[in-house]
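# got a predicted structure plus its sequence, pasted below:
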Amino acid sequence: MLTLTQRLTPNPDADVIFTLALTAEERMRSRHYFETNNGRSVYLHLPRGTVLRQGDLLKSEQGDFVRVVAKAEPVLTVTTDNPLDLLRAAYHLGNRHVALELTASYLRLTPDPVLRDLLEHLGLTVIDEVSPFQPETGAYGHRH
């Protein structure tokens, strides 16, 4: 089993032994066992509260590097022609403490029929997708 104990900033030139595809929820786990697609056992043993992001490097006890990849997962992607409507939707979702990916052109969240109805009622376009999900870490989140 490979034990990963340290997170490093993304470095596209790093020599990695493999990539570890994780969902948004899995990237919030600092202590967890994973089985890779090729059957390799991996144990994350990172400082509590560590949130992994796309491209982060993980270093093993032996000095090997593994790259984190945001795994595609079911999401709702919310768009509109009016940027103010997107801000309004982010406000309402924030009041419900919903994990939310924010960009200038769309919002993304985990599927929820009640929230879909709310967003459609606000006049937004909501589509089901399978895509990497990168929710905000929150006001007190930090990279390292």
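Right, received. Where do you want to start? Residues are numbered from 1 along each chain as shown.

# list the contacts for residue 60?
For residue 60, the set of contacting residues under the criterion of Cβ atoms under 8 Å, 6 or more residues apart in numbering consists of 2, 3, 4, 5, 66. Bear in mind the C-beta positions are built from the backbone N, C-alpha and C, glycine included.

# can you tell me the closest non-neighbouring residue to the last one?
What it means is residue 66. Leaving out its chain neighbours, the residue that sits closest to residue 66 by Cβ to Cβ, 6 or more residues apart in numbering is residue 58, at 4.6 Å.

# domain ranges for the chain, per the record?
2-70, 72-132 (automatic domain parsing).

# pretty sure the residue nearest to residue 66 sits in a strand.
Yes: secondary structure assignment (DSSP: H, G, I helix; E, B strand; the rest coil) places residue 58 inside a strand.

# what would the contacts of residue 60 look like in a markdown table with neighbour count?
Rendered in a markdown table, the data for the contacts of residue 60 read as follows (neighbours: other Cβ atoms under 10 Å):
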| residue | neighbour count |
| --- | --- |
| 2 | 19 |
| 3 | 13 |
| 4 | 22 |
| 5 | 13 |
| 66 | 22 |
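
# among those residues, which one sits closest to residue 77?
Of all the contacts of residue 60, the one with the least separation from residue 77 (Cβ to Cβ) is residue 66, at 28.6 Å.

# can you pull up the bridge partners for the closest one?
residue 18, residue 58 (DSSP bridges).
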